[in-house]
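[1] Need coordinates for the below:
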Amino acid sequence: MSDARILSAEDCEALLARAHAFARGGGDTTIGVSSWWQGELRWARNRVALASDRRNIGVTVTRTVRGGHPGYVSTNQIDDVSLEAAVRAAERLSRLEARMGRGLGYFPPQPAYERPESTIWSDATPGLTTERSGEVARALIAPAEAKGLLSAGYLEVRVAAQALLGTDFPELRAGKHAFWHHPYVRWTQAYCSTTVRDPSGMASGWAGASSYDWARIDPAALAQRAVEKCLASRNPVALEPGRYTVILEPQAVADILEVLVGSFTSREFPEAGIDGPWRLGPDEALQLWRTKLGLRVVDERVTISHDLAHPDLGILTEPHEYPGPVTWIDQGVLTALAHQLPTAIQRLKGHHSLRGASGYRMSGGTSSVEEMIRTTKRGLLVTRFSNIRLLDGVSLLSTGLTRDGLWLVENGQITKAVKNFRFTESPLFVLNAIEQLGEPVRVFRPMRGEGEPLSPAIVPPVKARDFSFTSTIDAI
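    Numbering: from 1, shown residues only. I've put the predicted structure just below:
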């Protein structure tokens, strides 16, 4: 299916050729072209507040003149005058970076590989028109309005495409420039999030979902879940801070794991002795820093991995990324860390995952949330976390807030709603204090940037002991 809202493969080829033709005078050139469209609708207090239809085209030029460093210039103007100006500006930057001794240095582009098949496109997603989005929003609002509650939220659908063209190092081709080409690829993504609040401002419920395929998102189920959570969170009581057994719904698990999966992105840091969770200590004989690779770092029931063959874990791989499956933690053992781009190109020929856990799956178990509640003498059921900030890079100690539904569990039953807490805890501590795991499910994990690639997360609910709540908060 072609979509006029983004560039076709033929459009990209023509634009790449035009831009590349302006690169003269030796050196090497990389041209990247991307296009995206986004439809968005937001509502608040049961009324639609915003509807948008946005799109953009971007061209990124990387020029490395002889003896220079890479110079990068981006533009969204695709006429010949603007394209040539971008190429000339990239050449000036290349020379400037070389004179000032900055930049990454000069690395040969990597040869194209056959992009693996992954599930990143759905015809249903661009089919969600503004008119259809309005119908969906009204269906999300109606259950809350019927209960005298206030609904707010948003839905977004995105379509994007990209392609790359460049030249190889001359010496790699016996003194002749040869083109390399990373083929055209396109993807879709869809998000829906809704919050329902009591008019008194004392109760809140939330539900959200994200997928490459809008058809896999059930707005009616999200609306019902948010309403139920709001009604159940009325009249919350204040509890004393302390350490509690927690039952974390999948969204809460994904929220607190963000700082952990973000730590997989640079193997060079622990190897250079830079502080982080994976630095172990110096090896005096080899004069090198040791890492925790090969050591058990969390509960043996935990595996965190990515496989493009998984139907719910399709992501857009970059040209320099290893396209195969990656397992960062295998049955509790740290087994992989991602390399940075210079290392991957110089030492590994580009064949390694560079972004870390851009999309990931955590292993689970067989316990349902209801079973976790039945087996809990006293604890807290958590819907999700927000405003999470890293406090200590070595332990990954973080702080954040519970939001949109927190309940006390006593003797196997939910007994009352609880006012929200601030927590101070590390995901490493949580994953070493697991009591039960549930079935992994896909959770709400949108990307922040416009036209950014997919970043799905599939995680289970978790029951863990001794979770540290340090203060109460007034927010709902």
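
[2] residue ranges of the strands in the stretch 251-400 of the chain, please?
    Along the stretch 251-400 of the chain, the segments classed as strands by DSSP state E, counting those that start in this stretch run 279-283, 288-291, 304-306, 326-330, 333-334, 360-362, 378-392, 397-410.

[3] actually the stretch 1-150 of the chain, not the one I typed
    28-44, 47-64, 71-75, 150-167.

[4] Rebuild those as a markdown table, extending it with mean neighbour count, mean pLDDT and distance to Arg216.
    Bear in mind the C-beta positions are built from the backbone N, C-alpha and C, glycine included. Putting the strands of the stretch 1-150 of the chain into a markdown table (neighbours: other Cβ atoms under 10 Å; pLDDT from 0 to 100; distance: least, Cβ to Cβ, whole Å) gives the following:
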| stretch | mean neighbour count | mean pLDDT | distance to Arg216 |
| --- | --- | --- | --- |
| strand 28-44 | 21 | 90 | 17 |
| strand 47-64 | 17 | 90 | 23 |
| strand 71-75 | 18 | 90 | 33 |
| strand 150-167 | 23 | 89 | 12 |
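
[5] Generate CSV for those, with distance to Met447 as supplementary columns.
    As requested, the strands of the stretch 1-150 of the chain are arranged in CSV below (distance: least, Cβ to Cβ, whole Å):
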stretch, distance to Met447
strand 28-44, 11
strand 47-64, 15
strand 71-75, 19
strand 150-167, 9
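
[6] Which among those is found nearest to Glu228?
    Minimum separation from Glu228 across those (Cβ to Cβ) falls at strand 150-167, 13.1 Å.

[7] what is the orientation angle of the closest one with strand 28-44?
    Relative orientation of strand 150-167 and strand 28-44, computed by axes from the mean of the first three to the mean of the last three Cα atoms, to 10 degrees: 170 degrees.

[8] got the contact list for Ser367?
    When the contact criterion is Cβ atoms under 8 Å, 6 or more residues apart in numbering, the partners of Ser367 are 436-438, 461, 463.

[9] Select from the residues you listed the one having the most neighbours.
    Counting neighbours by other Cβ atoms under 10 Å, Pro461 comes out on top of the contacts of Ser367 with 26 neighbours.

[10] Skip the chain neighbours and tell me the closest residue to that one.
    Nearest residue to Pro461, sequence neighbours excluded (Cβ to Cβ, 6 or more residues apart in numbering): Gly438, at 3.9 Å.

[11] do the same with Pro241
    Phe469 (4.9 Å).

[12] Wasn't the one you found part of a strand?
    Yes - Phe469: assigned to a strand according to DSSP: H, G, I helix; E, B strand; the rest coil.

[13] So what pairs up with it in the strands?
    Residues in a beta bridge with Phe469, per DSSP bridges, are Gly242, Phe423.

[14] Give me the neighbour count for it.
    The number of residues near Phe469, taken as other Cβ under 10 Å, comes to 23.

[15] pretty sure Ala144 contacts Arg45?
    No - applying Cβ atoms under 8 Å, one finds Ala144 not in contact with Arg45, separated by 10.1 Å.

[16] what sits in contact with each of those two?
    150-151.

[17] okay, those two: which has more neighbours?
    Taking neighbours as other Cβ under 10 Å, Ala144 and Arg45 compare with Ala144 leading, 24 against 11.

[18] For that one, which residues are in contact?
    With contact set as Cβ under 8 Å, 6+ apart, Ala144 has these partners: 46, 150-151, 196, 223, 226-227, 230.

[19] shaky segments in the stretch 151-300 of the chain?
    Scanning the stretch 151-300 of the chain for pLDDT under 70 picks out 167-182.

[20] And the helices in it, which stretches?
    219-232, 250-261, 268-271 (DSSP state H, counting those that start in this stretch).

[21] Please apply the same query to the stretch 301-450 of the chain.
    Using DSSP H, counting those that start in this stretch, the helices found in the stretch 301-450 of the chain span residues 341-347, 369-374, 427-431.

[22] picking up where we left off before, identify whichever of the strands of the stretch 251-400 of the chain lies nearest to Arg66.
    strand 288-291 (35.5 Å).

[23] Give the partner strands of that closest one in its sheet and their orientations.
    If you go by DSSP bridges, strand 288-291 pairs up with strand 279-283 (antiparallel).

[24] Any chance you could list what contacts the partner strand?
    With contacts defined as Cβ under 8 Å, 6+ apart, strand 279-283 is touched by 269-270, 273, 288-292, 295, 394.

[25] One more pass at 10 Å, please.
    Counting contacts by Cβ atoms under 10 Å, 6 or more residues apart in numbering, the residues outside strand 279-283 that touch it are 269-273, 288-295, 393-394.

[26] Buried among those? Need that as a selection in ChimeraX.
    In ChimeraX syntax, the buried subset of those is picked out as below (16 or more other Cβ atoms under 10 Å):
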select :269,270,271,289,290,291,292,293
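
[27] Can you tell me which of the contacts of strand 279-283 is closest to Arg186?
    Nearest member of the contacts of strand 279-283 to Arg186, counting by Cβ to Cβ, is Phe269, at 34.2 Å.

[28] Help me confirm that that closest one comes into contact with Val394.
    No - the criterion here is Cβ atoms under 10 Å, and Phe269 misses it with Val394 at 11.3 Å.

[29] what do these two both touch?
    275-279.

[30] Tell me which other helices or strands the longest helix along the chain touches.
    Ranked by residue count and defined by DSSP state H, the top helix of the chain is helix 80-100. Packed against helix 80-100 by the contact rule (3 or more Cβ pairs under 10 Å, 6 or more residues apart in numbering; DSSP states H and E) you find helix 9-21, strand 28-44, strand 47-64, strand 71-75.

[31] partner strands of the shortest one, parallel or antiparallel?
    Right, strand 71-75. Partners of strand 71-75 in the sheet, by DSSP bridges, are strand 47-64 (antiparallel).

[32] now the partner strand against helix 80-100, angle please.
    60 degrees.

[33] Strand 47-64 relative to helix 9-21, how many degrees between them?
    Using the same axes, to 10 degrees, the inter-axis angle of strand 47-64 relative to helix 9-21 is 40 degrees.

[34] roughly how far out does strand 47-64 sit from the chain middle?
    Between the centre of strand 47-64 and the centre of its host chain there is 19 Å, according to Cα atoms, centre = their mean, to the nearest Å.

[35] follow-up on the earlier one: the residue nearest to Pro241 contacts Gly242, doesn't it?
    Yes - in this structure Phe469 lies within contact range of Gly242 using Cβ under 10 Å: 6.4 Å.

[36] Tell me the bridge partners for the residue nearest to Cys192 when sequence neighbours are not counted.
    In this structure, Cys192 finds its nearest non-sequential neighbour in Leu155, 4.4 Å apart by Cβ to Cβ, 6+ apart. On the basis of DSSP bridges, Leu155 is bridged to Leu41, Cys192.
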